[in-house]
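> need a structure here:
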Amino acid sequence: MANYATLLDVSDPALTIEERHLLKADVAVDAALRERGIDPALVTLPQALLTELAVNHACRFSSIEGAIGENSPLIAKAREYKTTIDMLEKSISREALGVAVASGSGFGNVILGRG
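Numbers count the residues shown, from 1 in each chain. A predicted model of the protein is given here:
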């Protein structure tokens, strides 16, 4: 069972979304979180941002899978989903997800001088 979205979250009638698409989307969402230094295990679900991101990934995977040839309208649909995915991934932050800032990873300062 997928973590971030369910089949009920998907509403594109032109696509056939299956659980396997949502599972692949989970991997992509986890990767996006890790790229931003966020451990997916620390995120309390559900999170609307991550659900929307997972749905867009699943729809993109389904579009690519269903496309027949380079001129398929599903290729254009997949590109649109990719644009939305990129925009949503830029919104991911600890603050947006309510995840505490990791302790011990901040910057500090030290005064250097001669005594």
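> Contact partners for the residue positioned nearest the centre of the chain?
Nearest to the geometric centre of the chain sits Val29, at 3.4 Å (CA atoms, centre = their mean). Val29 is in contact with Asn3, Tyr4, Pro40, Leu50, Leu53, Ala54, His57, counting by CB atoms under 8 Å, 6 or more residues apart in numbering. For every residue, glycine as well, the C-beta is placed using N, CA and C.
> Switch these over to JSON lines; also include secondary structure and neighbour count.
Listed next are the contacts of Val29 as JSON lines, based on DSSP: H, G, I helix; E, B strand; the rest coil; neighbours: other CB atoms under 10 Å:
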{"residue": "Asn3", "secondary structure": "coil", "neighbour count": "18"}
{"residue": "Tyr4", "secondary structure": "coil", "neighbour count": "25"}
{"residue": "Pro40", "secondary structure": "helix", "neighbour count": "17"}
{"residue": "Leu50", "secondary structure": "helix", "neighbour count": "25"}
{"residue": "Leu53", "secondary structure": "helix", "neighbour count": "25"}
{"residue": "Ala54", "secondary structure": "helix", "neighbour count": "31"}
{"residue": "His57", "secondary structure": "helix", "neighbour count": "27"}
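> Would you check which pair of those residues lies furthest apart?
Largest separation among the contacts of Val29 by CB to CB: Pro40 and His57, giving 14.2 Å.
> I'd like to know which of the contacts of Val29 is nearest to Lys82.
Nearest to Lys82 among the contacts of Val29, counting by CB to CB, is His57 at 9.4 Å.
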